[in-house]
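Visitor: Provide a 3D model corresponding to the input given below.
(one chain, ligands or ions: 3)
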Amino acid sequence: MTPLDLVVRHARVATAADVFDADIGIAGGRIVALAQGLPVAPREIDAAGRVVTPGGVDAHCHLDQPMPPPARMADDFASGTRAAACGGTTTVIPFAAQEKGASLRAAVDDYHRRAEGRAHVDYAFHLIVSDPTPPVLSQELPALIAEGYTSFKVYMTYDDLKLDDGQILDVLAVARQHGAMAMIHAENADCIEWLTKRLEAAGRTAPRFHAHARPMLVEREATHRAIALAELVDVPILIVHVSGREAVEQIRWARAQGLSVFAETCPQYLFLTAADLGIDDSYLGAKCVCSPPPRDASNQQVIWHALADGLFTVFSSDHAPFKYDAPEGKKPGGQEVAFRHIPNGIPGLETRMPLLYSEGVLKGRLTLEKFVELTATNPAKAYGLHPRKGTIAIGSDADLVVWGEGERVLRNEHLHHAVDYTPYEGMKLQAWPALTLAAGEVVWDGTQFHPRAGRGRFLRCGPPTLRPRTSP
Ligand code: DUC
Ligand code: ZN
Ligand code: ZN
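Guide: Residues are numbered from 1 along each chain as shown. Ligands and ions are numbered 1, 2, ... in the order given. Down below sits the predicted model:
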């Protein structure tokens, strides 16, 4: 047997398939043995009485993504992956975003420069395709897919990113031909613009009106259209950040037709509502401005049920880190601005896993296996990183979370991102990672972060390996 560097002993190991008791033997940063009674190793971690899950794979987060000025993301690869590690996430997949008029390759090269030597956990890149010109479609995209950038996001809204239906069809055809995963941001841009103008004309520009400009109807319509476009091309798609009932119903309908439609949701749709954008015209609501916006309590229940019954494939943070009290953040140029000018997005990389573990697993809404599937195994499969990532198995990277239980009040001052708030301030959690291991190294010990910038490696993704799901 390979000599072991480290044994995590007496673990209650949770995978997407099983929960069982075992020692986890680690050598060279990988799991090499999984059995009870493993021999003593030079380093030992006692996990008696603790649940051990795979390190999280956050397959939707934004780090150091170039923004139209004055906006600037608060987290770069160093602070973002620090926060990830302390919250039990050991792989992140942020986005290399093509600028209109520029090449995709330029975006990828620039993004590598931003990540290189800074990351504390492993990372891969999705692409954002905002300008699908003939050379991008016929050369750049196929070449990048072959090099390990096997997923890309397309937007149906945001002026600097959105594609029209014909362009989306073109991009989906490339995904089909080359076996990539297309992620779709589904909101109807024209409806949003029409509603925004009417709200502005009525003087309704406070942050809370962001939710009025993006009602569920605009998400439902775009979700339906995205499904139809994918059906026409005959290609799987993954609808990102699904916020509530009407979009969920579209996806259920698609599955019932036998279409391969995968879906993602995020903490903001479980733990926030539109009321968090403000019940009056206070600017504090800007902290929770994200798109799609959080809905209401009954939609939160729909999302919980859809997580438990398999409608959702992945649970991501959509971490989009903007400081609240900053001219490059939620107060552009230092001003309280109309909602259309507030940078969209909220922080969530560090809190994604503990929130779902506490409120999902420990409150009996999700099994441990489902938690692992949603936070690690399925994102790794969707983006071609499984079984190296997303599971506890012989040969997998030794990316592990040892869970600690006990009440803890969430305070931004305890978090490790570079954002000046958390939308979940004051929430009582019942669990937090007591230890995070990345490739067998302790990166978080429950109280201290153990930095080693450059520890994080770039991962080339393979083809998606999710099985088509046609129910529920
Ligand atoms: N919505 C997005 O689509 N991306 C980043 C943040 C947000 O709110
Ligand atoms: Zn989006
Ligand atoms: Zn996003």
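
Visitor: Which parts of the protein are helices?
Guide: 77-86, 104-115, 134-135, 141-146, 165-178, 189-201, 209-213, 216-233, 245-256, 268-271, 297-308, 352-356, 368-372, 378-382 (DSSP state H).

Visitor: what's the most buried one of the ones you listed?
Guide: With neighbours defined as mean count of other Cβ atoms under 10 Å, these peak in mean count at helix 77-86, which reaches a mean of 29. Backbone N, C-alpha and C define where each C-beta goes, glycine included.

Visitor: And that helix, what does it pack against?
Guide: Packing contacts for helix 77-86, counted by 3 or more Cβ pairs under 8 Å, 6 or more residues apart in numbering; DSSP states H and E, involve strand 89-92, strand 428-438, strand 441-444.

Visitor: okay, the ones you listed, which one's buried deepest?
Guide: Buried most deeply of the helices and strands packed on helix 77-86, by mean count of other Cβ under 10 Å, is strand 89-92, with a mean of 31.

Visitor: Which residues does that strand contact?
Guide: Contact with strand 89-92 is made by 55-58, 61, 63, 80-81, 84, 119, 121-124, 349-350, 352-353, 380, 385, 389-390, 397, 399-401, 436-438, 443, 459, as judged by Cβ atoms under 8 Å, 6 or more residues apart in numbering.

Visitor: how close does the closest residue in space to L127 that isn't next to it in sequence sit to L169?
Guide: Spatially, and ignoring its direct neighbours in sequence, L127 is nearest to F152 (3.9 Å; Cβ to Cβ, 6 or more residues apart in numbering). Per Cβ to Cβ, to the nearest Å, F152 is found 14 Å from L169.

Visitor: Okay, now the unreliable bits of the protein?
Guide: Applying pLDDT under 70 to the chain picks out residues 469-472.

Visitor: ok, now with 50
Guide: Residues of the chain meeting the criterion pLDDT under 50: none.

Visitor: Same list, the helices of the chain, but as JSON lines with distance to ligand 1 please.
Guide: Output for the helices of the chain, formatted as JSON lines (distance: least, Cβ to the nearest ligand atom, whole Å):
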{"stretch": "helix 77-86", "distance to ligand 1": "14"}
{"stretch": "helix 104-115", "distance to ligand 1": "16"}
{"stretch": "helix 134-135", "distance to ligand 1": "26"}
{"stretch": "helix 141-146", "distance to ligand 1": "21"}
{"stretch": "helix 165-178", "distance to ligand 1": "16"}
{"stretch": "helix 189-201", "distance to ligand 1": "12"}
{"stretch": "helix 209-213", "distance to ligand 1": "10"}
{"stretch": "helix 216-233", "distance to ligand 1": "11"}
{"stretch": "helix 245-256", "distance to ligand 1": "14"}
{"stretch": "helix 268-271", "distance to ligand 1": "8"}
{"stretch": "helix 297-308", "distance to ligand 1": "16"}
{"stretch": "helix 352-356", "distance to ligand 1": "14"}
{"stretch": "helix 368-372", "distance to ligand 1": "24"}
{"stretch": "helix 378-382", "distance to ligand 1": "17"}
